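Undergrad: Here you go, sequence then predicted model.
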Amino acid sequence: MLTYFLLSAAVLLLVFRFLKLLKWKRLNITENQMDQHLLDLLNRKKELP
Amino acid sequence: MKKRVGVQFRKMQKTAHVYERLQTCTRCHTYHVLWDTHCSECGREYQPIREVAAKVTRRYVQTRFLLLGLFVLLAILCADTLTQLAVGCAGGILVFVCFFVMQRKFGAYERDVDFLRYLTQETETIKKSLLLHQEEIGFDVKEERIKDAYEKIREVGQFLHSDTIKLRKIMYLNHFVLRKDMELELESLLPTTYDKDFVEYLREVVKVQPQLVKRSVLDYVNRYKSKILLHENGEQLIGQIAGAALRMSAYVAEYQELIIEYIDYLPRERLLRLARMISRHHHEGGWERLEEAVKRRIETHHSFDPDFHGVL
(Lines give C-alpha, C1' and ligand atoms only; values in the text may rest on other atoms or scores of the structure.)
Protein backbone atom coordinates (compact mmCIF):
# COMPACT_ATOMS: atom_id res chain seq x y z
CA MET A 1 0.00 0.00 0.00
CA LEU A 2 2.84 2.36 0.91
CA THR A 3 4.28 1.78 -2.58
CA TYR A 4 1.15 3.20 -4.22
CA PHE A 5 1.05 6.07 -1.77
CA LEU A 6 4.67 7.06 -2.46
CA LEU A 7 4.24 6.64 -6.18
CA SER A 8 1.16 8.87 -6.17
CA ALA A 9 3.14 11.44 -4.17
CA ALA A 10 5.79 11.40 -6.94
CA VAL A 11 3.07 11.81 -9.59
CA LEU A 12 1.54 14.67 -7.59
CA LEU A 13 4.94 16.37 -7.44
CA LEU A 14 5.27 15.93 -11.17
CA VAL A 15 1.82 17.39 -11.84
CA PHE A 16 2.56 20.33 -9.59
CA ARG A 17 5.82 20.96 -11.46
CA PHE A 18 4.06 20.64 -14.81
CA LEU A 19 1.50 23.29 -13.83
CA LYS A 20 4.28 25.61 -12.67
CA LEU A 21 6.20 25.18 -15.93
CA LEU A 22 3.02 25.72 -17.93
CA LYS A 23 2.39 28.98 -16.05
CA TRP A 24 5.91 30.19 -16.86
CA LYS A 25 5.47 29.22 -20.50
CA ARG A 26 2.33 31.37 -20.62
CA LEU A 27 4.29 34.30 -19.15
CA ASN A 28 6.67 33.98 -22.11
CA ILE A 29 9.23 36.53 -20.90
CA THR A 30 11.31 38.00 -23.71
CA GLU A 31 14.95 39.09 -23.52
CA ASN A 32 13.86 42.70 -23.92
CA GLN A 33 11.54 42.40 -20.95
CA MET A 34 14.42 41.06 -18.86
CA ASP A 35 16.56 43.98 -19.93
CA GLN A 36 13.85 46.46 -19.10
CA HIS A 37 13.26 44.77 -15.75
CA LEU A 38 16.94 45.18 -14.83
CA LEU A 39 17.01 48.82 -15.91
CA ASP A 40 13.80 49.56 -14.02
CA LEU A 41 15.21 48.01 -10.87
CA LEU A 42 18.48 49.92 -11.12
CA ASN A 43 16.91 53.26 -11.97
CA ARG A 44 13.98 53.09 -9.60
CA LYS A 45 14.18 55.83 -7.01
CA LYS A 46 13.75 54.78 -3.40
CA GLU A 47 10.39 55.88 -2.07
CA LEU A 48 10.59 58.30 0.78
CA PRO A 49 8.92 57.14 4.03
CA MET B 1 37.48 78.39 -23.96
CA LYS B 2 38.79 75.11 -22.62
CA LYS B 3 41.56 73.39 -24.55
CA ARG B 4 40.31 70.13 -25.98
CA VAL B 5 42.53 67.10 -26.40
CA GLY B 6 42.49 64.49 -29.16
CA VAL B 7 41.82 60.96 -27.93
CA GLN B 8 41.00 57.54 -29.31
CA PHE B 9 38.27 55.84 -27.30
CA ARG B 10 38.33 52.16 -26.56
CA LYS B 11 35.88 50.22 -28.76
CA MET B 12 32.67 49.47 -26.96
CA GLN B 13 31.63 45.87 -26.77
CA LYS B 14 28.39 45.43 -28.71
CA THR B 15 25.67 43.42 -27.02
CA ALA B 16 22.05 42.86 -27.96
CA HIS B 17 20.95 43.40 -24.36
CA VAL B 18 22.29 45.48 -21.49
CA TYR B 19 22.34 42.61 -18.99
CA GLU B 20 24.88 40.83 -21.18
CA ARG B 21 27.41 43.48 -20.15
CA LEU B 22 27.07 42.56 -16.50
CA GLN B 23 29.55 40.04 -15.12
CA THR B 24 29.98 38.65 -11.67
CA CYS B 25 32.70 37.24 -9.47
CA THR B 26 31.09 34.27 -7.74
CA ARG B 27 33.72 34.23 -4.98
CA CYS B 28 33.59 37.91 -3.95
CA HIS B 29 29.90 38.26 -4.89
CA THR B 30 30.51 41.50 -6.74
CA TYR B 31 29.46 42.71 -10.18
CA HIS B 32 31.53 44.24 -12.92
CA VAL B 33 30.56 46.17 -16.05
CA LEU B 34 33.97 47.21 -17.38
CA TRP B 35 36.36 45.40 -19.70
CA ASP B 36 38.41 43.44 -17.13
CA THR B 37 38.10 39.68 -17.43
CA HIS B 38 39.32 38.73 -13.94
CA CYS B 39 38.33 39.96 -10.50
CA SER B 40 40.79 42.51 -9.11
CA GLU B 41 40.26 41.15 -5.57
CA CYS B 42 40.56 37.38 -5.95
CA GLY B 43 41.73 36.91 -9.54
CA ARG B 44 38.85 34.61 -10.45
CA GLU B 45 37.40 34.95 -13.94
CA TYR B 46 34.22 36.97 -14.18
CA GLN B 47 31.16 35.09 -15.36
CA PRO B 48 28.16 36.36 -17.31
CA ILE B 49 25.18 36.69 -14.98
CA ARG B 50 22.94 34.70 -17.27
CA GLU B 51 25.20 31.69 -16.81
CA VAL B 52 25.29 32.10 -13.05
CA ALA B 53 21.49 32.35 -12.89
CA ALA B 54 21.18 29.29 -15.14
CA LYS B 55 23.42 27.35 -12.73
CA VAL B 56 21.06 28.20 -9.86
CA THR B 57 18.11 26.95 -11.92
CA ARG B 58 19.97 23.77 -12.84
CA ARG B 59 20.66 23.08 -9.17
CA TYR B 60 16.98 23.59 -8.34
CA VAL B 61 15.93 21.19 -11.11
CA GLN B 62 18.45 18.64 -9.84
CA THR B 63 17.02 18.78 -6.31
CA ARG B 64 13.50 18.31 -7.70
CA PHE B 65 14.75 15.32 -9.67
CA LEU B 66 16.41 13.87 -6.57
CA LEU B 67 13.19 14.32 -4.60
CA LEU B 68 11.25 12.45 -7.26
CA GLY B 69 13.93 9.76 -7.31
CA LEU B 70 13.67 9.42 -3.54
CA PHE B 71 9.91 8.89 -3.71
CA VAL B 72 10.25 6.32 -6.48
CA LEU B 73 13.07 4.49 -4.71
CA LEU B 74 11.13 4.36 -1.45
CA ALA B 75 8.08 3.14 -3.37
CA ILE B 76 10.15 0.27 -4.82
CA LEU B 77 11.74 -0.55 -1.47
CA CYS B 78 8.38 -0.60 0.29
CA ALA B 79 6.87 -3.05 -2.24
CA ASP B 80 5.41 -6.13 -0.48
CA THR B 81 4.40 -8.12 -3.54
CA LEU B 82 5.84 -8.70 -6.98
CA THR B 83 2.96 -6.68 -8.52
CA GLN B 84 3.78 -3.72 -6.29
CA LEU B 85 7.43 -4.03 -7.28
CA ALA B 86 6.50 -4.06 -10.99
CA VAL B 87 4.13 -1.10 -10.57
CA GLY B 88 6.81 0.78 -8.59
CA CYS B 89 9.46 0.21 -11.29
CA ALA B 90 7.15 0.98 -14.23
CA GLY B 91 5.68 4.01 -12.47
CA GLY B 92 9.17 5.24 -11.61
CA ILE B 93 10.35 4.96 -15.21
CA LEU B 94 7.22 6.76 -16.39
CA VAL B 95 7.71 9.56 -13.84
CA PHE B 96 11.37 10.02 -14.89
CA VAL B 97 10.50 10.06 -18.60
CA CYS B 98 7.76 12.64 -18.03
CA PHE B 99 10.16 14.75 -15.94
CA PHE B 100 12.79 14.75 -18.70
CA VAL B 101 10.27 15.54 -21.45
CA MET B 102 8.81 18.40 -19.41
CA GLN B 103 12.25 19.75 -18.64
CA ARG B 104 13.29 19.62 -22.28
CA LYS B 105 10.10 21.33 -23.44
CA PHE B 106 9.68 24.00 -20.74
CA GLY B 107 13.12 24.28 -19.14
CA ALA B 108 13.98 27.47 -21.03
CA TYR B 109 10.92 29.27 -19.62
CA GLU B 110 11.95 28.32 -16.11
CA ARG B 111 15.43 29.71 -16.72
CA ASP B 112 13.92 33.01 -17.87
CA VAL B 113 11.67 33.36 -14.83
CA ASP B 114 14.53 32.42 -12.51
CA PHE B 115 16.75 34.98 -14.20
CA LEU B 116 14.20 37.71 -13.47
CA ARG B 117 14.04 36.57 -9.86
CA TYR B 118 17.82 36.54 -9.69
CA LEU B 119 18.00 40.11 -11.00
CA THR B 120 15.46 41.28 -8.43
CA GLN B 121 17.35 39.61 -5.59
CA GLU B 122 20.69 40.98 -6.70
CA THR B 123 19.63 44.58 -7.42
CA GLU B 124 21.20 46.06 -4.29
CA THR B 125 24.52 44.24 -4.84
CA ILE B 126 24.59 45.35 -8.48
CA LYS B 127 23.88 48.93 -7.38
CA LYS B 128 26.72 48.76 -4.84
CA SER B 129 29.11 47.49 -7.52
CA LEU B 130 28.08 50.30 -9.86
CA LEU B 131 28.67 52.76 -7.04
CA LEU B 132 32.18 51.34 -6.58
CA HIS B 133 32.79 51.88 -10.30
CA GLN B 134 31.67 55.48 -9.88
CA GLU B 135 34.12 55.98 -7.03
CA GLU B 136 36.83 54.57 -9.28
CA ILE B 137 35.80 57.10 -11.94
CA GLY B 138 36.02 59.90 -9.38
CA PHE B 139 39.56 58.79 -8.57
CA ASP B 140 40.46 58.78 -12.29
CA VAL B 141 39.21 62.35 -12.60
CA LYS B 142 41.31 63.41 -9.61
CA GLU B 143 44.32 61.86 -11.33
CA GLU B 144 43.30 63.70 -14.54
CA ARG B 145 42.70 60.47 -16.47
CA ILE B 146 39.61 61.90 -18.13
CA LYS B 147 39.64 59.47 -21.06
CA ASP B 148 39.59 56.48 -18.68
CA ALA B 149 36.90 58.16 -16.62
CA TYR B 150 34.74 58.68 -19.69
CA GLU B 151 35.19 55.14 -20.96
CA LYS B 152 34.18 53.82 -17.56
CA ILE B 153 31.20 56.08 -17.10
CA ARG B 154 30.05 55.19 -20.61
CA GLU B 155 29.79 51.58 -19.44
CA VAL B 156 28.12 52.49 -16.15
CA GLY B 157 25.74 54.76 -18.06
CA GLN B 158 24.39 51.73 -19.89
CA PHE B 159 22.79 50.73 -16.60
CA LEU B 160 22.12 54.01 -14.82
CA HIS B 161 20.15 56.68 -16.65
CA SER B 162 20.23 59.45 -14.07
CA ASP B 163 21.01 63.07 -14.89
CA THR B 164 24.11 62.89 -12.68
CA ILE B 165 25.65 60.23 -14.91
CA LYS B 166 24.63 62.07 -18.09
CA LEU B 167 26.07 65.37 -16.91
CA ARG B 168 29.32 63.75 -15.84
CA LYS B 169 29.61 62.10 -19.27
CA ILE B 170 29.01 65.45 -20.97
CA MET B 171 31.56 67.13 -18.70
CA TYR B 172 34.21 64.56 -19.66
CA LEU B 173 33.30 64.63 -23.36
CA ASN B 174 33.77 68.39 -23.40
CA HIS B 175 37.49 67.77 -22.72
CA PHE B 176 37.98 66.02 -26.06
CA VAL B 177 38.18 66.93 -29.72
CA LEU B 178 35.19 65.15 -31.26
CA ARG B 179 35.66 63.40 -34.58
CA LYS B 180 33.51 61.68 -37.17
CA ASP B 181 35.00 58.26 -36.49
CA MET B 182 34.18 58.34 -32.76
CA GLU B 183 31.35 56.38 -31.19
CA LEU B 184 29.46 59.40 -29.93
CA GLU B 185 26.09 59.58 -28.25
CA LEU B 186 23.54 62.34 -28.06
CA GLU B 187 20.02 61.13 -27.34
CA SER B 188 21.15 59.09 -24.35
CA LEU B 189 22.83 62.20 -22.89
CA LEU B 190 19.78 64.44 -22.97
CA PRO B 191 19.34 65.83 -19.46
CA THR B 192 15.82 66.38 -18.12
CA THR B 193 16.50 70.09 -17.61
CA TYR B 194 18.53 72.76 -19.38
CA ASP B 195 22.28 72.34 -19.09
CA LYS B 196 24.85 74.65 -20.61
CA ASP B 197 27.53 71.94 -20.88
CA PHE B 198 25.13 69.80 -22.88
CA VAL B 199 24.47 72.69 -25.26
CA GLU B 200 28.21 73.13 -25.77
CA TYR B 201 28.55 69.41 -26.42
CA LEU B 202 25.62 69.58 -28.83
CA ARG B 203 27.41 72.34 -30.74
CA GLU B 204 30.44 70.08 -31.25
CA VAL B 205 28.47 66.92 -32.05
CA VAL B 206 26.28 68.55 -34.65
CA LYS B 207 29.42 69.60 -36.53
CA VAL B 208 30.82 66.08 -36.81
CA GLN B 209 27.83 63.75 -36.56
CA PRO B 210 24.62 65.62 -37.47
CA GLN B 211 22.89 62.27 -37.95
CA LEU B 212 22.69 61.99 -34.15
CA VAL B 213 20.11 64.79 -34.06
CA LYS B 214 16.82 63.01 -33.56
CA ARG B 215 13.33 63.98 -32.48
CA SER B 216 14.15 64.14 -28.74
CA VAL B 217 17.11 66.46 -29.41
CA LEU B 218 14.96 68.73 -31.57
CA ASP B 219 12.33 68.80 -28.82
CA TYR B 220 15.03 69.75 -26.31
CA VAL B 221 16.27 72.58 -28.52
CA ASN B 222 12.71 73.79 -29.05
CA ARG B 223 12.02 73.70 -25.32
CA TYR B 224 15.16 75.58 -24.27
CA LYS B 225 15.52 77.82 -27.32
CA SER B 226 15.46 81.02 -25.28
CA LYS B 227 18.32 79.78 -23.06
CA ILE B 228 20.37 78.47 -25.98
CA LEU B 229 20.13 81.90 -27.60
CA LEU B 230 22.03 83.33 -24.63
CA HIS B 231 25.06 81.19 -25.59
CA GLU B 232 27.77 82.61 -27.80
CA ASN B 233 26.55 82.18 -31.42
CA GLY B 234 23.33 80.64 -30.13
CA GLU B 235 21.44 81.46 -33.34
CA GLN B 236 24.05 79.67 -35.46
CA LEU B 237 23.82 76.66 -33.20
CA ILE B 238 20.03 76.44 -33.54
CA GLY B 239 20.46 76.99 -37.28
CA GLN B 240 22.83 74.03 -37.41
CA ILE B 241 20.37 71.88 -35.47
CA ALA B 242 17.58 72.96 -37.81
CA GLY B 243 19.89 72.06 -40.70
CA ALA B 244 20.48 68.63 -39.20
CA ALA B 245 16.70 68.13 -39.01
CA LEU B 246 16.56 68.29 -42.81
CA ARG B 247 17.80 64.71 -42.99
CA MET B 248 14.22 63.43 -42.83
CA SER B 249 11.08 64.88 -44.31
CA ALA B 250 9.14 63.82 -41.21
CA TYR B 251 11.35 66.09 -39.07
CA VAL B 252 10.95 68.93 -41.57
CA ALA B 253 7.17 68.63 -41.39
CA GLU B 254 7.20 68.43 -37.60
CA TYR B 255 9.74 71.17 -36.87
CA GLN B 256 8.74 73.64 -39.58
CA GLU B 257 8.42 76.52 -37.13
CA LEU B 258 11.98 76.05 -35.90
CA ILE B 259 13.32 75.82 -39.46
CA ILE B 260 11.40 78.92 -40.58
CA GLU B 261 12.61 80.88 -37.54
CA TYR B 262 16.26 80.03 -38.18
CA ILE B 263 16.24 79.79 -41.96
CA ASP B 264 18.71 82.67 -42.14
CA TYR B 265 21.28 80.52 -40.38
CA LEU B 266 20.98 77.51 -42.68
CA PRO B 267 24.12 76.94 -44.76
CA ARG B 268 23.71 77.14 -48.55
CA GLU B 269 23.89 73.38 -49.05
CA ARG B 270 21.20 72.78 -46.40
CA LEU B 271 18.96 75.42 -47.92
CA LEU B 272 19.33 73.77 -51.32
CA ARG B 273 18.42 70.41 -49.81
CA LEU B 274 15.38 71.96 -48.14
CA ALA B 275 14.27 73.57 -51.39
CA ARG B 276 14.56 70.24 -53.23
CA MET B 277 12.68 68.49 -50.44
CA ILE B 278 9.86 71.02 -50.61
CA SER B 279 9.57 70.65 -54.39
CA ARG B 280 9.27 66.85 -53.91
CA HIS B 281 6.59 67.19 -51.21
CA HIS B 282 4.83 70.08 -52.87
CA HIS B 283 1.63 68.12 -53.43
CA GLU B 284 1.30 66.95 -49.80
CA GLY B 285 0.10 70.25 -48.33
CA GLY B 286 1.06 71.85 -45.01
CA TRP B 287 4.43 72.99 -46.36
CA GLU B 288 3.18 76.34 -47.74
CA ARG B 289 4.66 78.55 -45.01
CA LEU B 290 7.99 76.80 -45.24
CA GLU B 291 7.97 77.10 -49.02
CA GLU B 292 7.23 80.79 -48.70
CA ALA B 293 10.13 81.29 -46.29
CA VAL B 294 12.56 79.32 -48.46
CA LYS B 295 11.53 81.24 -51.59
CA ARG B 296 12.07 84.51 -49.75
CA ARG B 297 15.49 83.41 -48.57
CA ILE B 298 16.51 82.25 -52.06
CA GLU B 299 15.31 85.52 -53.61
CA THR B 300 17.22 87.66 -51.14
CA HIS B 301 20.46 85.68 -50.91
CA HIS B 302 20.78 83.14 -53.73
CA SER B 303 18.91 84.65 -56.69
CA PHE B 304 22.10 84.53 -58.79
CA ASP B 305 23.06 81.02 -57.72
CA PRO B 306 22.42 78.67 -60.69
CA ASP B 307 21.87 75.67 -58.39
CA PHE B 308 18.74 77.26 -57.00
CA HIS B 309 17.24 78.07 -60.39
CA GLY B 310 14.11 76.15 -61.11
CA VAL B 311 14.18 74.19 -57.85
CA LEU B 312 11.08 75.89 -56.48
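TA: Perfect, I can see it now.

Undergrad: okay, now residue 21: neighbour count?
TA: Unless you meant another one, I'm taking chain A. 18 (other CB atoms under 10 Å in any protein chain shown). No exception for glycine: its C-beta is placed from N, CA and C like everyone else's.

Undergrad: look at chain B instead
TA: Neighbour number of B:Arg21 under other CB under 10 Å is 19.

Undergrad: same check, this time on B:Arg289
TA: 12.

Undergrad: what helix or strand is it on?
TA: Using DSSP states H and E, B:Arg289 sits within helix B:288-301.

Undergrad: With adjacent residues omitted, what lies nearest to the most centrally placed residue in chain A?
TA: With distances taken as CA atoms, centre = their mean, the residue of chain A nearest its centroid is A:Trp24 (5.5 Å). Nearest non-adjacent residue to A:Trp24, counting by CB to CB, 6 or more residues apart in numbering or on different chains: B:Tyr109, 4.2 Å away.

Undergrad: Against B:Gly69, how distant is the one you found?
TA: Look at B:Tyr109 and B:Gly69: by CB to CB, to the nearest Å, they are 23 Å apart.

Undergrad: which one of those two has more residues nearby?
TA: Comparing B:Tyr109 with B:Gly69 by other CB under 10 Å, the one with more neighbours is B:Tyr109, at 19 against 15.

Undergrad: give the contact list for that one.
TA: Residues counted as contacts of B:Tyr109 (CB atoms under 8 Å, 6 or more residues apart in numbering or on different chains) are A:Leu21, A:Trp24, A:Lys25, A:Leu27, A:Asn28, A:Ile29.

Undergrad: how about low-confidence regions in the stretch 101-250 of chain B?
TA: For the stretch 101-250 of chain B, no stretch is flagged by pLDDT under 70.

Undergrad: What are the boundaries of the helices in it?
TA: B:146-156, B:163-173, B:196-208, B:215-223, B:225-228, B:234-244, B:249-254 (DSSP state H, counting those that start in this stretch).

Undergrad: got the domain boundaries for chain B?
TA: B:46-121, B:175-308 (automatic domain parsing).

Undergrad: ok, which residues in the stretch 51-200 of chain B are in contact with chain A?
TA: B:64, B:67-68, B:71-72, B:74-76, B:78-80, B:84-85, B:87-88, B:91-92, B:95, B:98-99, B:102, B:105-106, B:109-110, B:112-113, B:115-116, B:119-120, B:123, B:126-127, B:130, B:159-162 (CB under 8 Å from any CB of the partner chain).

Undergrad: is it true that B:Met12 touches B:Tyr150?
TA: No. With contacts counted by CB atoms under 8 Å, B:Met12 stays clear of B:Tyr150, the gap being 11.5 Å.
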